[in-house]
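J.: I'd like to go over a predicted model; first the sequence, then the structure.
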Amino acid sequence: MNIWIAIAVTAVGCYAVKLLGLLVPVGVLERPLVKRMAALLPVALLAALTAQQTFADGQSLILDAKAAGLLAAAVAFVLRAPFLLIIGAAVVVTAGVRAIGG
Amino acid sequence: MGFAVGLSGFAFGVTSASNGLSLLQTCALSLLVFTGASQFALVGALAGGGNPVTAAAGAFFLGVRNAFYGLRLSQLLQLPRWVRPFAAQWVIDETAAVTLAQPTRRARRIGFAVTGLTLYVLWNLTTLLGALGAEAIGDTAAWGLDAAGPATFLALLGPMLRSTTERAVAALAVVLMLGLVPVLPNGVPVLVAALAAPLVLFVQGRRQSAGAHGRRQSADANSREGTDR
């Protein structure tokens, strides 16, 4: 039930912000500070989420094969690999490290 | 682009199903939310056993950037008011990128509609396949598929790290996140880590007004959009 509540809240919230952009009069969201904030918020969230999903298990910090996978993804990104290859590198390396390390 | 979206959709289906969401819940997310990063964030937060509202809050804040795409698109597409509620669901990173690249209003409208429809169908089909696949695969961790979620975040984040400001925000967010995970309840650390954005903006603003006394320095303030890949 909790999951359905989360899905409903997310769905309504995400739809509302999409619609808001289309309906709001030009100029309201065009202030420089608001635009800077809108650009930086995803940066903070994505960085935090990457760290969380790589190094956190519930409330404890862990270091496992996923860290190696993420490192591979970062290398792929620096080498300008396409989106697909970045994800692929993470998956393959994580699986590989687990297969070797058990 | 379609291919990349297809793979992300598949990865989302797999991640969601292996995080304990049912097939119906997984597909409902792709149908109703339809903005990838928020969906990954939500299933990740739910997997940690977080409170549903804090989990949804993180996903919601990630979706806020779509409002700014909508703002640009409403100027470019000039849609009649009654069409907007229907068009809204397709306002995402990819449709914004395609629409902004078109030269005329007609081409923009076509670009928006074709990209929106194609990706909506593709995203939902691949989500379904991924969720079904996860059940067939069994232990998704053995295949390294639990790394797909964070790798997607990283791939979205990478192109955004264009200047020192973005890098400072990202670094501070990671430090806050890892520092807070052991002490705060699940789902809350990510919301606190989001404060890295206003914090860095604040510090930067003070430095600029202190350092550039009289000299105007707003060169960096021109538009920085989100996450094209």
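T.: Yep, that arrived. In this text the structure is predicted, and so the values were computed from the model without any measurement.

J.: can you pull the buried residues of the helix or strand containing residue B:120?
T.: According to DSSP states H and E, residue B:120 maps onto helix B:105-137. Buried residues in helix B:105-137, counted by 16 or more other Cβ atoms under 10 Å in any protein chain shown: B:108-109, B:111-112, B:115-116, B:118-120, B:122-128, B:130-131, B:133-134. In this view, the C-beta of every residue, glycine as well, is placed from N, C-alpha and C.

J.: tell me, how many residues neighbour residue B:147?
T.: Counted with other Cβ atoms under 10 Å in any protein chain shown, residues neighbouring residue B:147 total 34.

J.: likewise for residue B:82?
T.: With other Cβ under 10 Å as criterion, residue B:82 counts 7.

J.: distance check, it against residue B:150.
T.: 41 Å (Cβ to Cβ, to the nearest Å).

J.: remind me what the one helix or strand residue B:205 maps to packs against, helices and strands.
T.: Assigned by DSSP H and E, residue B:205 belongs to helix B:196-211. On a contact count with 3 or more Cβ pairs under 8 Å, 6 or more residues apart in numbering or on different chains; DSSP states H and E, helix B:196-211 meets helix A:32-55, helix B:164-180.

J.: hmm, who's touching it?
T.: A:33, A:36-37, A:40-41, A:43-44, A:47-48, B:165, B:168-170, B:172-173, B:176, B:217 (Cβ atoms under 8 Å, 6 or more residues apart in numbering or on different chains).

J.: same check, this time on stretch B:95-110
T.: By Cβ under 8 Å, 6+ apart, stretch B:95-110 touches B:69, B:72-73, B:76-79, B:111-112, B:115-116, B:119, B:225, B:228.

J.: how about stretch B:163-176?
T.: Against stretch B:163-176 from outside (Cβ under 8 Å, 6+ apart): A:40, A:43-48, A:50-51, B:157, B:160-161, B:189, B:192-197, B:199-201, B:204, B:220.

J.: Provide a PyMOL selection command restricted to the buried entries of those.
T.: Here is the PyMOL selection string for the buried members of those, based on 16+ other Cβ under 10 Å:
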select buried, (chain A and resi 40+43+44+45+46+47+48+50+51) or (chain B and resi 157+160+161+189+193+194+196+197+199+200+201+204)
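
J.: tell me the contacts of residue B:184?
T.: residue B:192.

J.: looks to me like it is in a strand.
T.: No. Assessed with DSSP: H, G, I helix; E, B strand; the rest coil, residue B:184 is coil; it does not lie in a strand.

J.: next one: phi and psi at it?
T.: When quoted as degrees, to the nearest 10, the phi and psi of residue B:184 stand at phi -110, psi 160.

J.: equivalent analysis for the one 3 residues further on, please.
T.: Geometry field for residue B:187 lists phi and psi as phi 90, psi -20, criterion degrees, to the nearest 10.

J.: with adjacent residues omitted, what lies nearest to residue B:30?
T.: Residue nearest to residue B:30 in three dimensions, not counting chain neighbours: residue B:127, with 4.0 Å by Cβ to Cβ, 6 or more residues apart in numbering or on different chains.

J.: burial of the closest residue to residue A:92 other than its chain neighbours, as a residue count?
T.: In space, and not counting its chain neighbours, residue A:92 is closest to residue B:144: 6.5 Å by Cβ to Cβ, 6+ apart. Using other Cβ under 10 Å, residue B:144 has 24 other residues around it.

J.: from chain A, how far out is the residue most central in space within chain B?
T.: Centroid-nearest residue in chain B, with Cα atoms, centre = their mean: residue B:37, separated by 3.3 Å. Distance, residue B:37 to chain A, using Cβ to the nearest Cβ, to the nearest Å: 7 Å.

J.: residues touching the residue in chain B that chain A sits nearest to, list them.
T.: When scored by Cβ to the nearest Cβ, chain B has residue B:70 as its residue closest to chain A, at 2.1 Å. Applying Cβ under 8 Å, 6+ apart to residue B:70 gives the contacts A:17-22, B:88, B:91.

J.: can you put those in a markdown table and add secondary structure and neighbour count?
T.: Below are these laid out as a markdown table (DSSP: H, G, I helix; E, B strand; the rest coil; neighbours: other Cβ atoms under 10 Å in any protein chain shown):
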| residue | secondary structure | neighbour count |
| --- | --- | --- |
| A:17 | helix | 22 |
| A:18 | helix | 27 |
| A:19 | helix | 20 |
| A:20 | helix | 19 |
| A:21 | helix | 23 |
| A:22 | helix | 22 |
| B:88 | helix | 23 |
| B:91 | coil | 30 |
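
J.: quick one: which of the residues you listed is nearest residue A:77?
T.: Nearest to residue A:77 among the contacts of residue B:70, counting by Cβ to Cβ, is residue B:91 at 26.2 Å.

J.: list the contacts for that closest one?
T.: Going by Cβ under 8 Å, 6+ apart, residue B:91 touches A:18, A:21-22, B:66, B:69-70, B:73.

J.: confirm residue A:8 sits in a helix?
T.: Yes. Under three-state DSSP, residue A:8 sits within a helix.

J.: tell me how many other residues surround it.
T.: By other Cβ under 10 Å, the residues close to residue A:8 number 14.
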